[in-house]
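K.L.:
Structure for this input, please:
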Amino acid sequence: MSGHSKWSQIRRKKAITDTKRGRIFTQIIKEMTIASRLGGGDPSGNPRLRMAIEKAKASNMPAENIKRAIMKGTGELPGMAYEDATYEAYGPGGVALLIDAVTDNKTRTVSDIRHILDQHGGKLAASGSVSYQFHKMGHLAVSSRLVGEDDLLALVLEAGADDLKTEGEHFTVICTPETFEQIKRAIEEKGVVPDHAELQMFPENTVKVEGKEAEQVLQLVEALEDHDDIQHVYGNFDIDEKVIAEYDGRG
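P.N.:
Now for the predicted structure:
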């Protein structure tokens, strides 16, 4: 899983300074709109909306944009009728992929995804053939400059975390969806703001991918992530961190 974790770190870092900020804003606005439509416009009672707002603020989205997105979701302003969609696929080397999207046109989105997959050696999979290989978990990344490992470990274990790992300059906290909110709150009450906090899909097992296929997988995932309708791409690939770093360096 280390290879996929490293890739996730790179993509999170790029999301903050990405020159395609307009695309990032579009994705977050869609998430806030559908979250407020499904769960209401009050973030205190809508965890999905609350996380989307936090992501918007971390990306320096203007407050007025956030307000309008929520009002479009609640129907106070006219807007697109977005809906969730999840697609299952296989990439080079037999890598399993889960692709989460928010779209106003599923026909267009699935056509675009199929085209991207075809270009990069992947293919759509039948519903249910990939999803069973993943499970949802909470994922929080905390800078090691803000808190010591022992202090953080004691704090998150008491709050119900499953695991804590050191990954570069961050501590990664893994927990169940049920304990995610209380762990995040416990960390923040100590004056520490996680650099990243989100519910993600984790693979049950990973597939080692090397050589040309490794680069094809990274190209495919990056192409999918660059699509405006796609919110998340989860994969069970395990690629050597040096390969990922070399690929990132060419970007």
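K.L.:
what's the burial count for Ile66?
P.N.:
Residue crowding around Ile66 was assessed by other CB atoms under 10 Å; the count is 18. All C-beta spots, glycine's among them, are computed from the backbone N, C-alpha and C.
K.L.:
Excluding chain neighbours, what is closest to it?
P.N.:
Counting by CB to CB, 6 or more residues apart in numbering, Ala56 is the residue found nearest to Ile66 once chain neighbours are left out, at 5.2 Å.
K.L.:
I'd like the average pLDDT over stretch 221-236.
P.N.:
Averaging pLDDT along stretch 221-236 gives 92.
K.L.:
sorry, back to before: could you confirm the residue nearest to Ile66 falls within a helix?
P.N.:
Yes - assessed by DSSP: H, G, I helix; E, B strand; the rest coil, Ala56 belongs to a helix.
K.L.:
Surely Glu213 touches Pro92?
P.N.:
Yes - counting by CB atoms under 8 Å, Glu213 touches Pro92, with 4.4 Å between them.
K.L.:
now the stretch 1-150 of the chain, which segments are flagged as low pLDDT?
P.N.:
Residues of the stretch 1-150 of the chain meeting the criterion pLDDT under 70: 1-22.
K.L.:
ranges for the helices of it?
P.N.:
Along the stretch 1-150 of the chain, the segments classed as helices by DSSP state H, counting those that start in this stretch run 2-17, 21-39, 47-58, 63-74, 106-119, 149-159.
K.L.:
Including distance to Ile244, could those go into JSON lines?
P.N.:
Formatted as JSON lines, the helices of the stretch 1-150 of the chain follow (distance: least, CB to CB, whole Å):
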{"stretch": "helix 2-17", "distance to Ile244": "5"}
{"stretch": "helix 21-39", "distance to Ile244": "21"}
{"stretch": "helix 47-58", "distance to Ile244": "23"}
{"stretch": "helix 63-74", "distance to Ile244": "32"}
{"stretch": "helix 106-119", "distance to Ile244": "20"}
{"stretch": "helix 149-159", "distance to Ile244": "24"}
